[in-house]
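Peer 1: Build me a model:
(chains A, B and C)
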Amino acid sequence: MKKFNALFHKEWTEAWREKKLVWLPAVILLVTLLQPISLYFMPAILENSNNLPSGAVIELPIPSGNEVLAGTLSQFHTIGTAIIVLACMNVIVQERNNGSLMQLFSRPVHTGTYIFSKWTMLVLLHLGAFTISYGAAWYYTNILFSDVSFSSVWKSCVIYCLWIVLIITVTLFVGTFLRRSGGVAGISILIAASIAILSNIVPDIAIYLPSELLNLSTELLNKNDGNTHIGAVLTTTVVLIVLLLLTMIKQFEKSVKF
Amino acid sequence: MENIVLLLLPIIAIQFLLLIIALISCIRAEETLGPKWAWMVIIFCISIIGPILYFVIGQRKDTYK
Amino acid sequence: MTILKAQGLTKRYGNHAAVKDFDLHLRERECIALLGPNGAGKTTTLHMLAGLIPPTAGVILSDNKILNRDTIGFLPQHPAFFDWMYPLEYLLLAGTLSGMTKRTIKERSLQVLEMTGLLEARKQKIGSFSGGMKQRLGLAQAIMHEPKILLLDEPVSALDPAGRIDVMNILEELKKDKAILFSTHVLHDAEQICDRALIMKSGQSVSYENIKEWRGNQSSERYRLETSVSLPIEGLQNLYEEIDIREPKLIVGTLRDKVTPNMLLQQCIRQDIGIRYFGAEEKTLEEHYIEVIEG
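Peer 2: Residues are numbered from 1 along each chain as shown, chains lettered A, B, ... in the order given. Prediction:
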């Protein structure tokens, strides 16, 4: 435990010195806030654009608060996922390539401790940033559109957080196999995309796939009642995360440490 | 109108913060991937994306020394 | 007492054996140099001993027990740190990972920085360190937890001459209470501080030298003669038992049985040959090393 704490502390200090602790929450906040605000200004923007025939009246239905927040989530799903992958791609690769990893492992450190210290820190950082941003988006939505109940917001937030954890885990997992951060980012995004494509190709198993997490959390916003297949997705996602973590530790121990 | 400015203020503030931190970090960095001045231009000219690009790619030092 | 013992250590990568049947007995307070050309398997051997890579075959023991990693201090060939850290922070991390308590770490880290001459640099980030400073910090982290055994992978090859002397002095100091095994290309250094030298060639140890003994055992002394004009070899052949003609003006060799050095000098004076240098020459480790590697 002492060793875990030392490594965990090291991760936070590093994130602070390299300013990840600032830029990552800031970027996530921007991405989530942009949706409610741009939707709010959409009518004004369209009115001011010149390529409309004069006299044309635009009647845009004002979206409900639920729809706006759901839109925020879908927007985050594309841009946010990419940002998370970019933020995590360097994490193991860099230390392995410059040799500091080898020096660290000349001491009695278990690979599990090392990986978990990184994983825990990344998960906390991203979930913290996302929760704050989502809360801010909720606040804006309530002011600019209609009220959304807190109970549906926090449920959707928790469900979606699982997707974020999965993406972090996948990126770390790929990072234990490859030595180039660009490759790590590419493969991780490819995996995330192929999950979505798979759910389109084989709709039968779609309810078991982690990509269903987005649908679930937006549904929770709109309906505010429990979904019947919520257990299926949660189970597969959690199992997948655990499996990835265990394989990663095993694999890391075996061959790619150096 | 005042309302709108108030709404946008946090966004502008965050964007500004991002820009400043990226610039300071770039200036103080021992070395960057590629020329430093190019990164400064990127950070300054492409809003939001520029600083992100710098933090993710420009800052890294995984070369074997 | 053997503090680090390796028997039949072997490492294969596919069909290629990087290290084959390597034996080692490192006694307490003993210093052994690991010599050999590039690719001889020195680094692989050290990595196996440090527990970084598992050997394909063979055992590593300490006092006939399985080696405890806490008793080993390891310095890799290219020490790498986290550039954003300060030296004390790294030592704190290293010490904690080696199971030291916070209070001992505080005292000890200042002590090792002092030993390695980095005390003034403790306010600098490691990223701004020069190569030599990083090497010394690498040494500091290796001795941080007071290990009984030090494994050093080319501790001096990346240093300038002044830095090399510094590090060698530190090693001399450490030798008093630690067993040291280090690989090096600088044979002179090995000769200076080591008790024994182990020469490796393509994954095997080919020669185990006890430097001190071997020095004392040199039965026939060799004399080196340098002159300002080319030497008439024929006349000298009666005096030298064995001659190694390096250049026309420089020869090294052992004298014949009843020939004294003075006789050699007299011969030169008689022939009016200007002498620039004359003296007894010890066979250096370097010469021996080349003989072993090429032979």
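
Peer 1: for the chain, what spans make up the helices?
Peer 2: As the question left the chain open, I've gone with chain A. Taking DSSP state H as the criterion, chain A contains helices spanning A:2-17, A:20-48, A:65-88, A:90-98, A:100-105, A:111-144, A:150-177, A:181-201, A:212-223, A:230-251.

Peer 1: Chain C is the one I meant
Peer 2: Counting by DSSP H, one finds helices in chain C at the ranges C:42-49, C:87-97, C:102-115, C:131-143, C:161-174, C:187-193, C:211-216, C:233-236, C:261-270, C:285-294.

Peer 1: ok so, going back, so can I have a markdown table of the helices of chain A showing mean pLDDT?
Peer 2: Formatted as a markdown table, the entries for those read as follows, by pLDDT from 0 to 100:
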| stretch | mean pLDDT |
| --- | --- |
| helix A:2-17 | 95 |
| helix A:20-48 | 86 |
| helix A:65-88 | 92 |
| helix A:90-98 | 88 |
| helix A:100-105 | 90 |
| helix A:111-144 | 94 |
| helix A:150-177 | 93 |
| helix A:181-201 | 91 |
| helix A:212-223 | 84 |
| helix A:230-251 | 92 |
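
Peer 1: so where's chain B uncertain?
Peer 2: For chain B, applying pLDDT under 70 flags the ranges B:1-2, B:60-65.

Peer 1: do you know how far the nearest residue to A:Ile249 once chain neighbours are set aside is from chain C?
Peer 2: Closest residue to A:Ile249 in three dimensions, ignoring its sequence neighbours and counting by CB to CB, 6 or more residues apart in numbering or on different chains: A:Gly112, at 4.8 Å. C-betas here are computed from N, CA, C, even on glycine. Applying CB to the nearest CB, to the nearest Å, one obtains 14 Å for the distance of A:Gly112 from chain C.

Peer 1: thinking again about what came up before, with mean neighbour count, mean pLDDT and distance to A:Ile83 as extra columns, can I get the helices of chain C in a markdown table?
Peer 2: Conversion of these to a markdown table gives the following (neighbours: other CB atoms under 10 Å in any protein chain shown; pLDDT from 0 to 100; distance: least, CB to CB, whole Å):
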| stretch | mean neighbour count | mean pLDDT | distance to A:Ile83 |
| --- | --- | --- | --- |
| helix C:42-49 | 23 | 92 | 38 |
| helix C:87-97 | 22 | 96 | 29 |
| helix C:102-115 | 16 | 94 | 37 |
| helix C:131-143 | 22 | 92 | 33 |
| helix C:161-174 | 16 | 88 | 44 |
| helix C:187-193 | 18 | 81 | 51 |
| helix C:211-216 | 13 | 64 | 60 |
| helix C:233-236 | 13 | 70 | 80 |
| helix C:261-270 | 14 | 82 | 81 |
| helix C:285-294 | 16 | 75 | 55 |
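
Peer 1: Out of these, flag the one nearest A:Ile195.
Peer 2: The stretch from these with the least distance to A:Ile195 (CB to CB) is helix C:87-97; that distance is 36.8 Å.

Peer 1: Just the CA atoms of that closest one, as PDB, please.
Peer 2: Listed next in PDB are the C-alpha coordinates belonging to helix C:87-97 (Å, rounded to 0.1, in the frame of the first residue of the first chain):
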ATOM      1  CA  PRO C  87      16.400  14.900  -7.000                       C
ATOM      2  CA  LEU C  88      15.000  14.600  -3.500                       C
ATOM      3  CA  GLU C  89      11.600  13.700  -4.800                       C
ATOM      4  CA  TYR C  90      13.100  10.900  -6.900                       C
ATOM      5  CA  LEU C  91      15.100   9.600  -4.000                       C
ATOM      6  CA  LEU C  92      11.900   9.700  -1.900                       C
ATOM      7  CA  LEU C  93      10.100   7.600  -4.500                       C
ATOM      8  CA  ALA C  94      13.000   5.200  -4.800                       C
ATOM      9  CA  GLY C  95      13.400   4.800  -1.100                       C
ATOM     10  CA  THR C  96       9.700   4.200  -0.500                       C
ATOM     11  CA  LEU C  97       9.700   1.600  -3.300                       C
END
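
Peer 1: Check which helices and strands that helix sits against.
Peer 2: When contacts are defined as 3 or more CB pairs under 8 Å, 6 or more residues apart in numbering or on different chains; DSSP states H and E, helix C:87-97 packs onto helix A:2-17, helix C:102-115, helix C:131-143.

Peer 1: Just want the phi and psi numbers for the closest residue to C:Glu154 other than its chain neighbours.
Peer 2: Spatially, and ignoring its direct neighbours in sequence, C:Glu154 is nearest to C:Gln77 (5.0 Å; CB to CB, 6+ apart). Main-chain dihedrals, C:Gln77, degrees, to the nearest 10: phi -60, psi -40.

Peer 1: ok, how many other residues are close to C:Gln77?
Peer 2: In terms of burial, C:Gln77 registers 19 neighbours under the definition other CB atoms under 10 Å in any protein chain shown.

Peer 1: need the helices and strands packed on helix C:87-97 in TSV with distance to A:Thr32, can you?
Peer 2: Putting the helices and strands packed on helix C:87-97 into TSV (distance: least, CB to CB, whole Å) gives the following:
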stretch	distance to A:Thr32
helix A:2-17	20
helix C:102-115	41
helix C:131-143	42
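
Peer 1: Chain B is nearest to which of these?
Peer 2: Relative to chain B, the nearest member of the helices and strands packed on helix C:87-97 by CB to the nearest CB is helix C:131-143, separated by 8.0 Å.
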